[in-house]
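A.B. asks: requesting a structural model of the entry that follows:
(one chain, ligands or ions: 1)
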Amino acid sequence: MGFEKAERLRRLPPYLFQEIDRLKAELIAKGVDVINLGVGDPDLPTPRHIIDALQRTAEDPANHQYPSYSGMNDFKGSVARWYRSRFGVDLDPEREVLTLIGSKEGIAHLPLACINPGDVALVPSPAYPVYDIATMFAGGVSHFMPLLEKNRFLPDLDAIPEETARKARVMFINYPNNPTGATAERDFFERVVDFARTYDVMICHDAAYTEMGFDGYRPMSFLEVPGAGEVGIEFHSLSKTYNMTGWRLGFAVGSAEVVAALGQVKSNIDSGAFNAIQWAGITALEGDQRCVAEMQGIYQERRDVLIEGLKSANLNPAPPRATFYVWCPTPRGYTSQAFTSLLLREAGIVTTPGSGFGEPGEGYVRMALTVGKERIREAVARIRKLSF
Ligand SMILES: *Cc1c(COP(=O)(O)O)cnc(C)c1O
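C.D. replies: Numbering: from 1, shown residues only. Now for the predicted structure:
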């Protein structure tokens, strides 16, 4: 008997980074000093006081048992207090907050809570791949909303065909945005709430980067818009804000009905996040926030070095106001893939082809600010030598 993968796995898009990974391994084996601007994973350590909190609470046997499915009340209370102080949004910690094993986990499970086979999800493109793939896993169909420079990388809601809008069950949005680095303001979120009401579509806002703003810019929560809490849910994560990607801790907040439905899916799949990690999360959210300002300062400096350097190399990306991504247009005559390959082969620099995030990402590469500024200087020097 031969093993046959399920149809849903055979329908996955080909792994676009395979060729890059292969080339990268080959170069490293040859002794090339590879600079990795490919991954969206902070290189900085988790702040000390958060690690101390985990060490302390890991010692307590009360934390060794199954956690509660929907999350520790203390953690959910802490999330609600953080939303109040950071965004001025009031949440009922019991009904409107759900602990997640990282926000990716919640985003990936959300379609199981709201999509029936054949239902439409409105999905941005280029985007974090999870929105589309989780939709497909749930038997849904993605209708892609292109994020174009002429629209400041916001979806054009008026371009969604009426019939598609009526059929749609959920819309995914993500600001500050990965991969484009774009940001959204109140007027956009207001239009999204209107759209949700008109077409009875549930909004799922991925807000992983709200704490990564530069030059004093503080991105807003979707839930700050009146009525947003009735039409949608917002996903948040400790991963980027506190350099905790490996810890797996995030949360979903918003509509009590959606929170309950997602919780119902999860209670049949996982058994919650380790309590000691939730205690450490409380320390992160309620402790000294100077670590966040420091992190912002570091990425801002790196951004400035990269943007200035790329300009001097005749590449002209817009400086992002938030996120640790630079969305860099490719030089004339290069596709995303071709430019990524060139940078890797000729300069030993790993970037991500924009087309890997969806067809409208063609013509860009994504560079992540996840290496020190000396390494970014080195990367820029190598790019300049290629003379575009
Ligand atoms: C990093 C990231 C997340 C966060 O994922 P976690 O599972 O919380 O680590 C979510 N959405 C986007 C767009 C991201 O880039």
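A.B. asks: tell me the pLDDT of R22.
C.D. replies: Predicted confidence (pLDDT) for R22: 87.
A.B. asks: can you give me the neighbour number for it?
C.D. replies: The number of residues packed near R22 is 10, by other Cβ atoms under 10 Å. From N, CA and C alone the C-beta is placed, and that goes for glycine too.
A.B. asks: that one - that's part of a helix, no?
C.D. replies: Yes. Assignment of R22 by DSSP: H, G, I helix; E, B strand; the rest coil places it within a helix.
A.B. asks: how close does it get to the ligand?
C.D. replies: Separation of R22 from the ligand (Cβ to the nearest ligand atom, to the nearest Å): 24 Å.
A.B. asks: which residues does that residue contact?
C.D. replies: Contacts for R22 (Cβ atoms under 8 Å, 6 or more residues apart in numbering) come out as none.
A.B. asks: for stretch 309-318, what is the distance to the chain centroid?
C.D. replies: With Cα atoms, centre = their mean, to the nearest Å as the basis, stretch 309-318 stands 25 Å off its chain's centre.
A.B. asks: excluding chain neighbours, what is closest to Y199?
C.D. replies: A165 (4.4 Å; Cβ to Cβ, 6 or more residues apart in numbering).
A.B. asks: what do you get for W82?
C.D. replies: Using Cβ to Cβ, 6+ apart, the closest residue to W82 is L285 (4.5 Å).
A.B. asks: pretty sure that neighbour contacts V79?
C.D. replies: Yes. Applying Cβ atoms under 8 Å, one finds L285 in contact with V79, separated by 6.7 Å.
A.B. asks: which of the two has more neighbours?
C.D. replies: Shown here are L285 and V79; by other Cβ under 10 Å, V79 has more neighbours (27 against 23).
A.B. asks: pLDDT at whatever residue of the stretch 251-388 of the chain ends up closest to the ligand, what is it?
C.D. replies: Nearest residue of the stretch 251-388 of the chain to the ligand (Cβ to the nearest ligand atom) works out as T323 at 8.1 Å. Looking at T323, its pLDDT reads 98.
A.B. asks: show me where the chain has helices.
C.D. replies: 7-10, 18-29, 48-58, 73-87, 103-114, 130-137, 162-167, 186-199, 228-231, 256-267, 275-286, 290-312, 336-347, 373-385 (DSSP state H).
A.B. asks: worst mean pLDDT among these?
C.D. replies: Taking the mean pLDDT of the helices of the chain, helix 18-29 comes last: a mean of 87.
A.B. asks: can you give the distance from it to the centre of its chain?
C.D. replies: 25 Å.
A.B. asks: okay, the angle between it and helix 336-347?
C.D. replies: 0 degrees (axes from the mean of the first three to the mean of the last three Cα atoms, to 10 degrees).
A.B. asks: how about helix 18-29: buried residues?
C.D. replies: For helix 18-29, burial by neighbour count (16 or more other Cβ atoms under 10 Å) applies to 20, 23-24, 27.
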